[in-house]
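S.K.: Below: sequence and its predicted model.
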Amino acid sequence: MARLSVNINKIATLRNARGGNIPNVLEASMNCERFGAQGITVHPRPDERHIRYQDVRNIRPTIRTEFNIEGYPSEPFLKLVEEVMPHQVTLVPDAPGTLTSNRGWDAAGNKELLKGIIRDLQRRGIRTSLFVETDTDHIGHASETGTDRVELYTEPYARNYPNNREQAIEPFIHAAEKVQETGMGLNAGHDLNLDNLAYFSRNIPGLLEVSIGHALISDALYYGLENTIQLYLRQLQ
């Protein structure tokens, strides 16, 4: 079954809203892992409005499963990655002020940039993933960068799921098949939740990992963090 990586950005957002260290982001990351999460994801942004660079440094020594860092490959971001050496880096094309990730890479237009960054990360033993949409041409170009995996941007699926789930998932099935043809691994994430996750995981071939943050942390307000993680894991079974 696909692995569940819990994105803890929203826990940091809550902490930052008040100042201080409540909730404790490091403790939360350790608890997520203890409660069954098979990975921890963070997405530090230049303004550090949720996860801070120091959070990343603090969390890394405590992670015993997978640590995934998402972000735009700016010079400060790449320096942080080289310092903490995560298991996986997911490169996203977000502009500095973007509220949340809202598009995938134009892999054709950024191919040379991405090739060099991916090569450097892989030399350090870090698995790479590119955030992409379902366009199979972009996926083909992504494979030419040398990336180990791609992560499908699933917000369009989540948005259309309540209206017609078969229609919503169709382009993602085609995209997943294209990923398999290229030999890359497949991750997915963005707006997956308890309503739409099971259907997605059942129908997407070769799915290795999902990264879920906003919905999972929101559900934890009602169900508790440990129970919520178990609920999400059951959707992936």
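M.R.: Yep, that arrived.
S.K.: going forward, measure contacts and count neighbours with C-alpha atoms only.
M.R.: Fine.
S.K.: which residues does the residue most central in space within the chain contact?
M.R.: Closest residue to the average C-alpha location of the chain: residue 211 at 4.2 Å, with CA atoms, centre = their mean. Counting by CA atoms under 8 Å, 6 or more residues apart in numbering, residue 211 touches 4-7, 41, 187-190.
S.K.: That one pairs with what?
M.R.: residue 5, residue 189 (DSSP bridges).
S.K.: What is the biggest helix by length in the chain packed up against?
M.R.: Using DSSP state H, we find that the single longest helix of the chain is helix 165-182. For helix 165-182, the packing partners by 3 or more CA pairs under 8 Å, 6 or more residues apart in numbering; DSSP states H and E come out as helix 136-143, helix 155-160, strand 185-189, helix 197-203.
S.K.: now the last one: mean pLDDT?
M.R.: For helix 197-203, mean pLDDT rounds to 98.
S.K.: which other residues reach it?
M.R.: 2, 169, 173, 207, 232, 235-237.
S.K.: Residue 20 is nearest to which of the helices and strands packed on helix 165-182?
M.R.: Using CA to CA as the measure, strand 185-189 is the one of the helices and strands packed on helix 165-182 that comes nearest residue 20, at 29.9 Å.
S.K.: CA atoms only: put the closest one into CSV for me.
M.R.: Output of strand 185-189 as CSV, limited to C-alpha atoms (Å, rounded to 0.1, in the frame of the first residue of the first chain):
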residue,chain,number,x,y,z
GLY,A,185,8.2,6.4,-8.9
LEU,A,186,4.9,8.0,-8.1
ASN,A,187,3.8,10.2,-5.2
ALA,A,188,0.7,12.3,-4.8
GLY,A,189,-0.6,15.1,-2.7
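S.K.: List the buried residues in that strand.
M.R.: Neighbour counts over strand 185-189 (16 or more other CA atoms under 10 Å) mark 185-189 as buried.
S.K.: For that strand, name the packing helices and strands.
M.R.: Using 3+ CA pairs under 8 Å, 6+ apart, strand 185-189 sits against strand 149-153, helix 165-182, strand 207-212.
S.K.: what separates the second one from the chain centre, distance-wise?
M.R.: Counting by CA atoms, centre = their mean, to the nearest Å, helix 165-182 is centred 18 Å from the centre of its parent chain.
S.K.: Next, the angle helix 136-143 makes with that helix.
M.R.: Relative orientation of helix 165-182 versus helix 136-143 (axes from the mean of the first three to the mean of the last three CA atoms, to 10 degrees): 40 degrees.
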